[in-house]
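Engineer: need a 3D model of the following:
(one chain, ligands or ions: 1)
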Amino acid sequence: MAQVEKRPSSVPTPFEWEYAPAPEARDIVRLEERYGLFIGGELVDPLSGRWLATESPATEEPLAEIAVAGPEDVDLAVATARAAFENGWPEISPSERAKYLYRIARILQERAREFAVLESLDSGKPIRESRDVDVPLAAAHFFYYAGWADKLEYAFPNRRARPIGVAGQIIPWNFPLLMLAWKIAPALACGNTIVLKPAHTTPLSALFFCDVLRQADVPPGVVNVVTGDGRTGATLVRHDGVDKIAFTGSTEVGKDIQRAIAGTGKRLTLELGGKAANIVFDDAPLDQAIEGIINGIYFNQGEVCCAGSRLLVQESIYEQLIAKLKNRMSTLRVGDPLDKNTDIGAINSREQLDRISELVESGKEEGAEIFQPPCHLPERGYWFPPTVFTSVAQSYRIAQEEIFGPVLSVLTFRTPEEAIEKANNTAYGLSAGVWTEKGSRILWMVQHLRAGVVWANTFNRFDPSSPFGGYKESGFGREGGRHGLEAYLRFDE
Ligand code: NDP
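Structural biologist: Numbering: from 1, shown residues only. Model prediction:
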């Protein structure tokens, strides 16, 4: 990555002192050379005979080989999940089912460091985030849904709730373990069986999770994991033996899935892209807002569906806010994901880096002004410096398209009405942020923002009890909270 623009003289010099490296030990993770498919409680070689390598995006070193599930493998996994469904999983007592979920949660906590290191190795995210966010939240999801497993009659009073059957679940690479937890925990709590397909660039935490399932004595066949690429996902979606599809990923693939299952009677939830507005009013606590903006767009390298990738600033505080923002950006540390000082890790794959670079080029060509603080990017691996674009028009691609990288586009507004108009001027509707000291203004904004989640004076906060999901091209259905149960239940009224 080429070196980046000089800091303008109006921006104060950041701290010049260096941090000593603080690498997390990698040896807690013991990788096998190869991992098969997890079907019927065992890792088995793929009938397809095909394998692919998963690499560390920070070093481009191969980490392990994973099986590529072909149609015959998906068939076997679905048949195994069906047999587990028909042979008693939904009939065991709900409190027994809850025990499995509690066990999984506790084992994840016990093995938290191992999972955090593994997730950072395979995905490129900073260890601080996998350690403090991904893994604890994944465990929290299992704890939370364990609590619901024997209380479905209270969750849905006067309605007879039953599991749907076999759930096909397809997860992305930005939060591999956490998305697995969002999918598996409610499905199991409701008595379904599962075939899960992780992304091909980040399959390892799902494969290590299979060991957690064994430790927790989850009956064989209740959860199956088929690794592979997009074709494996497409096969799972189209399989006749699947009763429900839950997908998190790109809007393009989401639309393809919707077309593929139309008319089949399969149930569907889609959690797709976003282009969230993070809106800062002139009465906002500025320093706190700066932290929220940084967290909103640079958390997980900006590879977050609900990232605050469009910053809307009230005109009267624009100069001051941008100066503070650039100063704070200059303190961000980009580099080794396993270093505890790292704020921004590696981009997940070469393809994703190319996508980010292409969109950033388009921003420059369309006339936006770019700022990137000086930073040393490692020679190997996939890296992108924290970036902010100012002088952005609403029509620019960087204001419209999901970049899914550490790139922020700044727009301005004068009145709350204008902020709403600009915030809602997007094909997406997943999340938004509002920064102001006035409670009444927050409530007014929340009523007018077309977004599934609105954060007030904070950003990127997640809790298992809080439903998450979008409008428009961000998808439909909710994950998390009591709402998240509905996606895995049918009701005999
Ligand atoms: P995809 O939508 O391709 O990947 C998400 C998951 O779907 C992966 O497991 C993928 O498998 C699988 N998949 C791919 N094609 C199909 C298919 N035809 N049918 C069923 N499953 C399929 O996202 P990309 O990795 O291509 O990322 C592209 C863009 O999508 C990003 O730049 C970002 O904008 C957005 N995105 C949004 C996410 C979100 O959280 N909402 C998450 C990831 C990406 P495999 O990876 O093995 O190909």
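
Engineer: my read: residue 343 touches residue 337, true?
Structural biologist: No. Using C-beta atoms under 8 Å, residue 343 makes no contact with residue 337, being 10.6 Å away. Heads up, the C-betas are built off the backbone N, CA and C, glycines and all.

Engineer: so what sits against both of these two?
Structural biologist: Jointly contacting residue 343 and residue 337 under the rule C-beta atoms under 8 Å, 6 or more residues apart in numbering are residue 126.

Engineer: compare those two (neighbour count), which wins?
Structural biologist: Using other C-beta atoms under 10 Å, the more surrounded residue of residue 343 and residue 337 is residue 337, with 29 against 20.

Engineer: identify the residues contacting that one.
Structural biologist: 58, 120, 121, 123, 124, 125, 126, 127, 345, 346.

Engineer: mind running it again at 6 Å?
Structural biologist: Contact partners of residue 337, counting by C-beta atoms under 6 Å, 6 or more residues apart in numbering, are 58, 120, 124, 125, 126, 345, 346.

Engineer: which parts of the chain sit against the ligand?
Structural biologist: Residues of the chain lying near the ligand by C-beta under 6 Å from any ligand atom: 170-172, 174, 197, 199-200, 229-230, 233-234, 237, 248-250, 253, 256-257, 271-273, 305, 352, 355, 402, 404.

Engineer: would you map the strands across the stretch 1-150 of the chain?
Structural biologist: For the stretch 1-150 of the chain, strands defined by DSSP state E, counting those that start in this stretch occupy the ranges 34-35, 37-39, 42-44, 50-55, 62-68.

Engineer: what's the most buried one of the ones you listed?
Structural biologist: Among the strands of the stretch 1-150 of the chain, the stretch with the highest mean neighbour count (mean count of other C-beta atoms under 10 Å) is strand 37-39, at a mean of 27.

Engineer: for it, packing partners?
Structural biologist: Where contact means 3 or more C-beta pairs under 6 Å, 6 or more residues apart in numbering; DSSP states H and E, strand 37-39 is packed against helix 71-86, strand 223-225.

Engineer: what about the helices in the stretch 201-350 of the chain?
Structural biologist: Ranges of helices in the stretch 201-350 of the chain, per DSSP state H, counting those that start in this stretch, are 204-215, 230-238, 251-261, 286-298, 318-329, 350-366.

Engineer: count the neighbours of residue 361 for me.
Structural biologist: 12.

Engineer: for residue 109, same thing?
Structural biologist: The number of residues packed near residue 109 is 16, by other C-beta under 10 Å.

Engineer: does it touch residue 139 like I think?
Structural biologist: Yes. Residue 109 lies in contact with residue 139 (C-beta atoms under 6 Å); the separation is 4.9 Å.

Engineer: and stretch 394-409, what's buried?
Structural biologist: Within stretch 394-409, the residues scored as buried using 16 or more other C-beta atoms under 10 Å are 396-399, 401-409.

Engineer: who's in contact with residue 111?
Structural biologist: By C-beta under 6 Å, 6+ apart, the contact set of residue 111 is empty.

Engineer: low-confidence ranges, the chain, go.
Structural biologist: Within the chain, the segments meeting pLDDT under 70 span 1-17, 493.

Engineer: still on that earlier bit, any chance of the contacts of residue 337 in a markdown table, with neighbour count too?
Structural biologist: Shown next, in a markdown table, are the contacts of residue 337 (neighbours: other C-beta atoms under 10 Å):
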| residue | neighbour count |
| --- | --- |
| 58 | 25 |
| 120 | 29 |
| 124 | 30 |
| 125 | 31 |
| 126 | 28 |
| 345 | 30 |
| 346 | 30 |
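
Engineer: how near is residue 306 to residue 248?
Structural biologist: Distance from residue 306 to residue 248, counting by C-beta to C-beta, to the nearest Å: 11 Å.

Engineer: these two - which one has more neighbours?
Structural biologist: More crowded of residue 306 and residue 248, by other C-beta under 10 Å: residue 306, with 27 against 23.

Engineer: surely that one and residue 274 touch.
Structural biologist: Yes. With contact defined as C-beta under 6 Å, residue 306 counts as touching residue 274 (5.3 Å).

Engineer: what are the ranges of the strands in the stretch 351-493 of the chain?
Structural biologist: For the stretch 351-493 of the chain, the strands defined by DSSP E, counting those that start in this stretch occupy 369-371, 387-390, 407-413, 431-435, 453-456, 475-476, 489-492.

Engineer: from the contact counts, what lies against the fifth one?
Structural biologist: Other elements packing on strand 453-456 under the criterion 3+ C-beta pairs under 6 Å, 6+ apart are strand 431-435.

Engineer: go again using 10 Å as the cut-off
Structural biologist: Contacts defined by 3 or more C-beta pairs under 10 Å, 6 or more residues apart in numbering; DSSP states H and E place strand 453-456 against strand 277-280, strand 431-435, helix 439-448.
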